[in-house]
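J.: I would like the atomic coordinates for the input below:
(one chain, ligands or ions: 1)
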Amino acid sequence: MVKIGILNLQGAVSEHYDITKKAIENMGVDVDVEPVRYADEVADCDGIIISGGESTVIGKIIDRRGIDQVIKENNIPVFGTCAGMILLGKKTDFDQPLLNIMDITVGRNSYGRQKDSFESTISIFNEDFPGVFIRAPLLKDYDKTKEDITILSEFDSEIIAIQQGHNIAMSFHPELTENTKIHEYFINEVLNR
Ligand code: GLN
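T.: Reported below is the predicted structural model:
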C-alpha cells in the first residue's frame, strides 16, 4: 500500500498526521500514513512530510541518521512546511544541514519574531486558504532556469508555495487548519508517480 511518512523528529508532527489522515479519508484512497523516525522507516515510504519546528534541530537529526541519503537514493517526494521548506532548499542564511533537493534559497524567520506571527487568507489552486505564518521563512531566490519549478502561491508579492518536480515547499502551516486541500494535492502527487 502507498505510504506517507510524517517525519517525527521535532515540531508540528501530530497535526500533519491528523490532517493527512483526514485528507486520505476525504479522497477515499487506499493510502497509509505513519510517523517515521529512522532512515529505514523513511525508505519504506512513498512520500515524506517535514513539519514546521526548528530547522536546525530537524536538519541535524536528518543528517546524523542518514535520512537525506535515503530520500535522495529512493527519489521520495517531500512536502515541507515552514522549517520543512528551509530544509528542502539548497541554501539558507545559517550554516546548517539541508536536504538540498530543491533549487531554492530560503531566508529563516524573515517575517520577524514569534510575536510577528500572523494569519491571513491566501490563494492557492484558485481557492482561498487560511494562511498561518509562524516565524515563517521567506523564499529569497530560486533557479529560474529550472523548468520543473512551479510557483503555487504568492502573498504580498512574495512566493509562499513552490514546487519542483515532486517536491513541495510552503512557508506557512496548512496542518494547523481544518482545510485538507493542500495535503490532498501532495497525496495526489505521490499517487501519480
Ligand atoms: N523559524 C523556524 C526555523 O527557522 C521555522 C518556524 C516554523 O517552522 N514555524 O527553523
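
J.: which strand or helix spans residue 190?
T.: Applying DSSP states H and E as the criterion places residue 190 in helix 181-191.

J.: cool, and residue 129?
T.: With DSSP H and E as the criterion, the answer for residue 129 is strand 127-133.

J.: quick one: contacts for residue 19?
T.: 174, 175, 177, 180, 183 (Cβ atoms under 8 Å, 6 or more residues apart in numbering). (Glycine included, C-beta is placed from N, CA and C.)

J.: surely residue 25 is in a helix?
T.: Yes. Assigned with DSSP: H, G, I helix; E, B strand; the rest coil, residue 25 falls within a helix.

J.: could you measure from it over to residue 78?
T.: 23 Å (Cβ to Cβ, to the nearest Å).

J.: give me the more crowded residue out of the two.
T.: residue 78 (24 against 11; other Cβ atoms under 10 Å).

J.: tell me the most packed of the contacts of residue 19, by neighbour count.
T.: residue 175 leads the contacts of residue 19 on contacts (other Cβ under 10 Å) with 28 neighbours.

J.: which bits of this protein sit near the ligand?
T.: 52, 53, 54, 55, 82, 83, 86, 108, 109, 134, 135 (Cβ under 6 Å from any ligand atom).

J.: switch the cut-off to 5 Å
T.: Contacts of the chain with the ligand, taken as Cβ under 5 Å from any ligand atom, map to 52, 54, 55, 82, 83, 108, 109, 134, 135.

J.: okay, who's weakest in the residues you listed by pLDDT?
T.: Within the residues of the chain next to the ligand, residue 109 has the lowest pLDDT, namely 88.

J.: where's the nearest residue to that residue once chain neighbours are set aside relative to residue 180, distance?
T.: Of all residues not flanking residue 109 in the chain, residue 135 sits nearest, at 5.1 Å (Cβ to Cβ, 6 or more residues apart in numbering). Noted for residue 135: a distance of 24 Å to residue 180, by Cβ to Cβ.

J.: so where do the helices sit in the chain?
T.: 13-27, 39-43, 55-65, 67-73, 83-88, 181-191 (DSSP state H).
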